[in-house]
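> Sequence below, structure please.
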Amino acid sequence: MRVANIIEEGRIGGPQIRNLMLASALKKKNVEITLIFPKENKKDLKKQCDLLNVKYLSLSLRTIKRSFLGFIIYLFLFPFEVIKLTWILKKKKYDVVHVSGGSLHTKGIFAAKLAGIKVLWELNDTYAPKIIKNIFSLVSNLANGFIFASERTKKYYSKLIPSKKKNFLIQSPVNTRLFSPHAKLNTDNFFKNKKIRNKIIIGTVGNINPNKDHATLIKTAAKLSSYEKKIEFIIVGPIYKSQKEYFYNLLKLIKNNKIFNIHFIGPRTDIRPILKKVDIYICSSNNESSPLSVWEAMAMENAVVSTDVGDIKKFIKTGKTGYIVKIGDTENLAKNIIKLIKSPKLRKKFGSSSRKIVRKKLNLDLCAYYHQKAYQNM
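Residues are numbered from 1 along each chain as shown. Below is the predicted model:
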């Protein structure tokens with residue numbers, strides 16, 4: 001079976017990593033996936049495709065921009081890029097088209113229908129502006145089926161999708177053989193700093209953007225000033241041009257609160273050496289579906305404190321395998337972090353239980369199996 005997996009964003013994030021892992025795992029099941037993504041910001045994604053021996057096509061696909069001019073250019077080029085995609089899909093004779101990236105990405109939907117190929121639309125968010133929801137509601141009938149990354153995503157979009165459409169719920173997967181606390185990994189250079197050694201590391205991973213709500217994490221750190229000599233906060237992830245202003249506002253917030261133990265350490269190709277050193281993992285997001293970074297932290301036996309986003313509650317039971325707080329609740333984030341700072345045994349207990357959950361319910365082989373079944377159903 002040959003599948004074209006189209007995503008209109010070249011920058012690496014959760015959806016791109018999910019697609020890479022899926023394409024690599026499905027090779028064993030005689031499913032050949034070709035990732036199709038824009039030339040813009042392709043460098044890291046292309047590198048990962050080469051490392052994993054995953055087929056890909058990098059095309060001139062315009063990514064929608066926040067600016068008015070960028071939006072106009074996107075609309076102008078839209079029909080030409082759909083025609084280009086249609087021609088490629090016909091020429092390559094794919095069996096199924098898988099459109100990733102959420103409700104905003106529709107070029108692959110139109111191209112698949114014009115090419116006469118069955119198409120699955122993957123949805124992996126729990127919020128979209130009203131205009132996008134309205135467009136999605138009109139276009140959704142063109143898809144032959146849907147993949148939901150979480151129960152919350154399914155609930156969010158269910159009223160906008162024709163009831164007779166096939167649908168599949170498949171969480172973001174983790175390769176638990178790679179993401180293992182027992183893996184032999186070289187220590188990340190960041191931890192060679194003498195000031196960091198022997199301290200409790202509190203970490204978070206993700207692109208620097210408002211959805212991750214780093215401001216809540218910073219305000220929580222301010223409440224933990226009495227533990228400043230014992231703990232260090234690290235924030236891992238790229239800072240893209242579109243988020244520079246947001247990043248500078250975060251730096252101002254840190255300065256205004258006189259916090260000296262928060263470090264932005266940029267992106268990492270391999271996040272495992274970081275997670276191996278993390279004692280407490282924080283997810284302060286205000287919008288997630290199936291947060292891959294959290295599942296990876298759990299696989300590495302990190303104790304997790306998270307806001308109540310996406311399907312977190314499905315896999316973390318507060319007080320038993322981790323802690324869950326309301327979105328923006330800095331008070332309880334701080335209180336639960338303190339509990340874990342004070343108790344290495346509790347951190348170990350939560351971490352061990354979390355890995356067992358990921359191995360049983362969120363492993364890559366299971367996700368690949370569900371995708372194979374979804375493609376066959378088309």
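
> Only C-alpha atoms from now on, for both contacts and neighbour counts.
Will do.

> Show me the strands in the stretch 151-300 of the chain, by range?
Along the stretch 151-300 of the chain, counting by DSSP state E, counting those that start in this stretch, strands occupy 166-169, 200-205, 231-236, 262-266, 280-283.

> Now mean pLDDT too, for these, in a markdown table please.
Output for those, formatted as a markdown table (pLDDT from 0 to 100):
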| stretch | mean pLDDT |
| --- | --- |
| strand 166-169 | 96 |
| strand 200-205 | 97 |
| strand 231-236 | 97 |
| strand 262-266 | 96 |
| strand 280-283 | 98 |
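
> Looking at those, which one is packed in the most?
Of the strands of the stretch 151-300 of the chain, the one with the most neighbours on average (mean count of other Cα atoms under 10 Å) is strand 280-283, at a mean of 26.

> For the closest residue to Leu26 other than its chain neighbours, pull up the helix or strand it's in.
If the residues on either side of it in the chain are set aside, Leu26 comes closest to Ala368, at 5.9 Å by Cα to Cα, 6 or more residues apart in numbering. Secondary structure assignment for Ala368, by DSSP states H and E: helix 364-377.

> Can you point out the buried residues in that helix?
Of the residues in helix 364-377, those buried by neighbour count under the rule 16 or more other Cα atoms under 10 Å are Leu364, Asp365, Leu366, Cys367, Ala368, Tyr370, His371, Gln372, Ala374, Tyr375.

> can I get those in CSV with pLDDT?
What follows is the buried residues of helix 364-377, written out as CSV (pLDDT from 0 to 100):
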residue, pLDDT
Leu364, 96
Asp365, 94
Leu366, 95
Cys367, 94
Ala368, 95
Tyr370, 96
His371, 96
Gln372, 96
Ala374, 96
Tyr375, 96
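
> Packing partners of the helix holding Ala368?
Contact partners of helix 364-377 among helices and strands, from 3 or more Cα pairs under 8 Å, 6 or more residues apart in numbering; DSSP states H and E: helix 14-26.

> residues in contact with the helix it packs on?
Counting by Cα atoms under 8 Å, 6 or more residues apart in numbering, helix 14-26 makes contact with 5, 7, 10, 32-35, 45, 48-49, 52-54, 100-101, 124, 172-173, 175, 291-293, 364-365, 367-368, 372, all of which sit outside it.

> Show the buried residues in these.
With neighbours counted using 16+ other Cα under 10 Å, the contacts of helix 14-26 contain these buried positions: 5, 7, 10, 32-35, 45, 48-49, 54, 100-101, 124, 172-173, 175, 291-293, 364-365, 367-368, 372.

> before we move on, the earlier item: who touches the helix holding Ala368?
Outside of helix 364-377, the residues that reach it under the criterion Cα under 8 Å, 6+ apart are 21-22, 25-26, 29, 31, 96, 168, 170-176.

> Which ChimeraX command selects the buried ones in those residues?
The following ChimeraX command selects only the buried members of the contacts of helix 364-377, with burial defined by 16+ other Cα under 10 Å:
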select :21,22,25,26,31,96,168,170,171,172,173,174,175,176
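
> JSON lines for the strands of the stretch 151-300 of the chain, including distance to Ile72?
As requested, the strands of the stretch 151-300 of the chain are arranged in JSON lines below (distance: least, Cα to Cα, whole Å):
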{"stretch": "strand 166-169", "distance to Ile72": "33"}
{"stretch": "strand 200-205", "distance to Ile72": "33"}
{"stretch": "strand 231-236", "distance to Ile72": "33"}
{"stretch": "strand 262-266", "distance to Ile72": "32"}
{"stretch": "strand 280-283", "distance to Ile72": "35"}
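
> Tell me which of these lies nearest to Lys360.
Nearest to Lys360 among these is strand 166-169 (16.1 Å), distances taken as Cα to Cα.

> That closest one: partners in the sheet, and parallel or antiparallel?
Under the criterion DSSP bridges, strand 166-169 sits next to strand 145-148 (parallel) in its sheet.

> Run through who's touching the partner strand.
119-124, 154, 165-171, 378.

> any residues touching the helix or strand containing Lys345, and which ones?
Assigning secondary structure by DSSP H and E places Lys345 in helix 344-361. Defining contact as Cα under 8 Å, 6+ apart, one finds that helix 344-361 is touched by 174, 176, 279-280, 295, 298-304, 315-316, 320-322, 340.

> same check, this time on stretch 127-141
Outside stretch 127-141, the residues touching it (Cα under 8 Å, 6+ apart) are Ser103, Leu104, Thr106, Tyr156, Leu160, Ile161, Pro162, Asn287.

> For that stretch, C-alpha coordinates in PDB please.
As requested, the backbone C-alpha atoms of stretch 127-141 are provided in PDB (Å, rounded to 0.1, in the frame of the first residue of the first chain):
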ATOM      1  CA  TYR A 127      -9.400  25.000  19.000                       C
ATOM      2  CA  ALA A 128      -9.800  26.800  15.700                       C
ATOM      3  CA  PRO A 129     -11.000  30.400  15.000                       C
ATOM      4  CA  LYS A 130     -14.700  30.700  14.000                       C
ATOM      5  CA  ILE A 131     -13.900  31.400  10.300                       C
ATOM      6  CA  ILE A 132     -11.700  28.300  10.100                       C
ATOM      7  CA  LYS A 133     -14.400  26.100  11.800                       C
ATOM      8  CA  ASN A 134     -17.000  27.400   9.200                       C
ATOM      9  CA  ILE A 135     -14.700  26.600   6.300                       C
ATOM     10  CA  PHE A 136     -13.900  23.200   7.800                       C
ATOM     11  CA  SER A 137     -17.600  22.400   8.200                       C
ATOM     12  CA  LEU A 138     -18.100  23.000   4.400                       C
ATOM     13  CA  VAL A 139     -15.000  21.100   3.300                       C
ATOM     14  CA  SER A 140     -15.300  18.200   5.700                       C
ATOM     15  CA  ASN A 141     -17.800  16.400   3.500                       C
END
